[in-house]
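Asks: with the sequence up front, the predicted model follows.
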There are 2 protein chains.
Amino acid sequence: MKRRDFGQYCGLARALELVGERWALLIVRNLIVRPRRYSELQTGLSGIPTNVLATRLKELEQAGIVERQVAPAPARGVVYALTEVGRSLEPALLSLARWGATQLGDPQPGDVVTPEGAVLSLRTAFQPSQAAGLTASWEIHVRGAVVHAVITDGELVTGLGPAPVEPGLVMVPQLADDQLAAYRVIIAVMRDGLVELRGDRELLDTFLRVFTVPLAA
Amino acid sequence: MKRRDFGQYCGLARALELVGERWALLIVRNLIVRPRRYSELQTGLSGIPTNVLATRLKELEQAGIVERQVAPAPARGVVYALTEVGRSLEPALLSLARWGATQLGDPQPGDVVTPEGAVLSLRTAFQPSQAAGLTASWEIHVRGAVVHAVITDGELVTGLGPAPVEPGLVMVPQLADDQLAAYRVIIAVMRDGLVELRGDRELLDTFLRVFTVPLAA
DNA sequence: CTGCATCCACTTTGATACTG
DNA sequence: CAGTATCAAAGTGGATGCAG
């Protein structure tokens, strides 16, 4: 298995040799949210061929980015997780996602949105400068899925599922059936006030201020 | 020419659809330094097949990232330049390069280093926090190539060729013939004092402090 | 010369089927 | 569940051709 390289001694070229192949960064993205089983990755990466997923995981493992763990005790099986090196990709990944978000047009028919995408979007949209010193927490409920965002003294933690602490505000945007549950759609809907709130309603404005969707230039 | 997409409405997926294909980001990297002719790109991207370069340029043009300009007056011919959207990729590109730099091993036989790579390395290594309020300028001369770095009140401008202003310090690292002129090699050599200086010698320490090579975790 | 287009061998990807 | 096997289609790398 010889790696095709770019023949340049350069950080960018190296990065692309390691995670530049098709699907690789999207796999890392899904693992950034939390460790995953093979089948979870398969469904989360709507459309990835199974042989490509298997190949990428092996390459990423060899590159020291992903770790293949055989889960212990109760829920045994195989779990893929990021290594420290893999986690250190997050700033670059968010930076790319932020740029890509400015280049998003309208959803194409067939496009899907995954809860992982929502978590990533939250981290992408997060404006540290707007959150300095802030402590607050939210849950967003959309079509059965729940994601949380907890800011502690300006530091953001996000993830799937309910918040680890009682959230300051629970937001349930009222999406029409034909609306895609994409982050920017959710933000737009909430901005229009089409949202059910439970908790401190003032936190809605705070949320909209701290998590700003990047727009096209 | 239908684009292969990832079927996800997600900023990262969008970014990868636009610049995720092989060689694409390296082309953008070279154009970030300055606009280029086709043949300059070809030699700067050591090893890129000509048909792939042509294809990528068309795709990047269609994506609104690259502009094909027919050069006017004296030096006529075709010139490729980044659009505003293309330039807005720089933070993401530097972020990826910074990560990749931590994953660089030793140079492989056959690896090349381009002046563009050096400029990119300067921007990658730049530590804004160390440069707050600073005003200074340098030139580095290596094997006939010259790159400059000018910091004005903490803001960095780098490029190929001599500095637009009289540089505060000219540095000529003494590389052995068998040493690759890679950024990290140059830094190591200069840190060891193997460098010829012309100008304010105290700016050497400043330089080494402000432009720190990212190291492996 | 520059700026590609064409052709061809080879590799990677996508889609589907199948197995321990 | 966690992959491997198979095969067609698309993409890549390398060489060459050719018009302005």
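Replies: In hand now; what should we look at? Residues are numbered from 1 along each chain as shown, chains lettered A, B, ... in the order given.

Asks: drop to CA atoms for contacts and neighbour counts, all remaining ones
Replies: Fine.

Asks: how close does the closest residue to A:A63 other than its chain neighbours get to A:L53?
Replies: Using Cα to Cα, 6 or more residues apart in numbering or on different chains and skipping residues adjacent in sequence, the residue nearest A:A63 is A:L18, 6.6 Å away. A:L18 sits 15 Å away from A:L53, going by Cα to Cα, to the nearest Å.

Asks: determine the number of other residues adjacent to A:D200.
Replies: 12 (other Cα atoms under 10 Å in any protein chain shown).

Asks: would you map the strands across chain A?
Replies: Ranges of strands within chain A are A:66-71, A:77-82, A:136-142, A:145-152, A:155-160, A:169-173, A:195-199, based on DSSP state E.

Asks: which of the ones you listed has the lowest mean pLDDT?
Replies: Among the strands of chain A, strand A:66-71 carries the lowest mean pLDDT, a mean of 92.

Asks: tell me how far that strand is from the chain's mean position?
Replies: 20 Å (Cα atoms, centre = their mean, to the nearest Å).

Asks: could you do stretch A:113-125 as well?
Replies: For stretch A:113-125, the distance to the chain centre is 4 Å (Cα atoms, centre = their mean).

Asks: how many residues are close by A:G110?
Replies: By other Cα under 10 Å, neighbour count at A:G110 equals 9.

Asks: got it, and A:A132?
Replies: Neighbours of A:A132 under the rule other Cα under 10 Å: 14.

Asks: nearest residue to the middle of chain A?
Replies: A:L120 (2.3 Å; Cα atoms, centre = their mean).

Asks: quick one: that residue and A:H148, what's the gap?
Replies: Here the criterion is Cα to Cα. By it, A:L120 lies 12 Å from A:H148.

Asks: and A:E21, by the same measure?
Replies: Using Cα to Cα, A:E21 is found at 31 Å from A:H148.

Asks: one more: A:L203?
Replies: Taking Cα to Cα, one finds A:L203 at 14 Å from A:H148.

Asks: comparing those two, which shows the higher neighbour count?
Replies: Between A:L203 and A:H148, counted using other Cα under 10 Å, A:H148 has the larger neighbour count: 23 against 18.

Asks: surely that one and A:E166 touch.
Replies: No: with contact defined as Cα atoms under 8 Å, A:H148 and A:E166 do not form a contacting pair (10.5 Å).

Asks: and A:L25, what does it touch?
Replies: A:L25 sits next to A:19, A:93 when contact means Cα atoms under 8 Å, 6 or more residues apart in numbering or on different chains.

Asks: same thing with A:I65?
Replies: Contacts of A:I65 by Cα under 8 Å, 6+ apart are A:82-87.
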